Structures are given as C-alpha cells and as structure tokens.
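K.L.:
Here you go, sequence then predicted model.
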Amino acid sequence: MIKIAAVTDDGETISEHFGRAYYYAVWTTEEGQLVNKELRDKMGHHHFSGQGFAQQEDPRGHGFGEASHDRHLNMIDVISDCQVLLARGMGRGAQHSMEQAGIRPVLTDIAGIEEAVQAYLAGSLEERPELAH
C-alpha cells in the first residue's frame, strides 16, 4: 500500500505553491489501484500570518530556519502516513522538512491530481526540480 498526497485548493488540481494550499488530496493505492481518496485540511501560510515569527538567518536560505522547520512540520503532520507528496511548486526549506519527515516531495508540472498520481504509479511522472524556490 502506498499513500500519495497532493497539495490542492479544489480537490482536482495540484496547487502551484505548497505553503499556500488549503488541502491535501490523499490517494491510497494497493498494487497500483486506487482504494481510497480523501480530502484533508492543511495548515498553510494563512494559519501562521500575524504570529510574528522572526525569520532566522540560515546559510541555506529562506525556509531553513528553526521557526520555518517547525511551521513545515505542522503542515506535514496531517500527512505523516503518506510516502509521497505531489506539488507544482515548493520552497527548498519545505522540501527539506518533508524529506526529514520521511515523505518524498515530487515536483511536477502536471496540474490534474488523477493524471499525476497515475503517472507516478506507472513510473512515468517527469519530476521538475526547477519548480523549487
């Protein structure tokens, strides 16, 4: 069994920005077949606005400080049972946090969740690392 999450605002398309998306579409598959599909609420930038987090300097760049990592972990918690996350854009700090949590972030330019999940399962999903920022 593999669970694949995709960041989304509408349950049908993959969001272009991990941090701004409102939901995760989670597809549970067994032997390449869909057995369950659900929509889960996702924490995002909108939950953290106005909280006054100080940006910490980090030599790796934006999104790598301790406060950023803590926010990423809060966003990731609801998909801790997933092995893969599909997004059409994501900060490098969020990617790093995702990997540290044991979830493989996959950046793609495919907009449709179903199409991207099927391509991933078939081993034909073209990853687009340049979509990281």
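P.N.:
That came in fine, so what should we check first? On a predicted model such as this, the values are computed, not experimentally measured, just so you know.
K.L.:
Dig out what the residue most central in space within the chain forms beta bridges with.
P.N.:
Closest residue to the average C-alpha location of the chain: Leu85 at 4.5 Å, with CA atoms, centre = their mean. Beta-bridge partners for Leu85, by DSSP bridges, are Ala5, Pro105.
K.L.:
residues contacting it?
P.N.:
In this structure, Leu85 makes contact with Ile4, Ala5, Ala6, Val7, Phe18, Tyr24, Ile79, Met98, Ile103, Arg104, Pro105, Val106, judged by CB atoms under 8 Å, 6 or more residues apart in numbering. (Glycine included, C-beta is placed from N, CA and C.)
K.L.:
how much space is there between it and Ile113?
P.N.:
When CB to CB, to the nearest Å is the yardstick, Leu85 and Ile113 sit 12 Å from each other.
K.L.:
Pull up the overlap in contacts between the two.
P.N.:
Residues within reach of Leu85 and of Ile113 at once, by CB under 8 Å, 6+ apart, are Ala6.
K.L.:
Since that was my last question, I'll sign off now.
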